[in-house]
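1. Sequence first, then the predicted structure:
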Amino acid sequence: MTLVDTDIKKIAHLARLQISQNELIDYVNSLGSILALVDHMQQVNTDDVEPLANPLDQHQRLRVDQVTTVNQHDEFMALAPVSDAGLYLVPKVIE
């Protein structure tokens, strides 16, 4: 896929970017080379390649799923200036 100046201007407009005329040529070349690389990568045959979660084939060490703190909800609710049904009540900020 080749990009032209009008494509870059349209992309810049959609992204709300202001690109000067001097920068336009650099963007055309840079984005064009990125798209050429993606096209080249799309042509690689990956039918026999299994997806990897980690390229080093390592396993993630997980900690034991244990409760380490006690539930302090009631103590925190008692500190709130205004609460109702277990919820903090705050002044309305959006009309």
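-> Nice, thanks for sending it over.
2. pLDDT on stretch 73-93, on average?
-> Mean pLDDT, stretch 73-93: 91.
3. end to end, how far does it reach?
-> Chord length of stretch 73-93, first to last residue, is 25 Å (C-alpha to C-alpha, to the nearest Å).
4. May I have the phi/psi pair for the residue nearest the centre of the chain?
-> By C-alpha atoms, centre = their mean, the chain has its centre lying nearest to A15, at 16.2 Å. Main-chain torsions, A15, degrees, to the nearest 10: phi -90, psi 0.
5. what's near enough to touch it?
-> With contacts defined as C-beta atoms under 8 Å, 6 or more residues apart in numbering, A15 has no neighbours. For every residue, glycine as well, the C-beta is placed using N, CA and C.
6. where's the residue in the chain sticking out farthest from the centre relative to G86, distance?
-> Within the chain, A78 marks the point farthest from the mean C-alpha position, 37.8 Å out by C-alpha atoms, centre = their mean. Per C-beta to C-beta, to the nearest Å, A78 is found 12 Å from G86.
7. just checking, what's the longest helix in the protein?
-> If you go by DSSP state H, the chain has its longest helix at helix 21-42.
8. which parts of that helix are buried?
-> Within helix 21-42, the residues scored as buried using 16 or more other C-beta atoms under 10 Å are 27-28, 32.
9. And for Q60, the neighbour number?
-> 6 (other C-beta atoms under 10 Å).
10. and what of I8?
-> I8 has 21 nearby residues by other C-beta under 10 Å.
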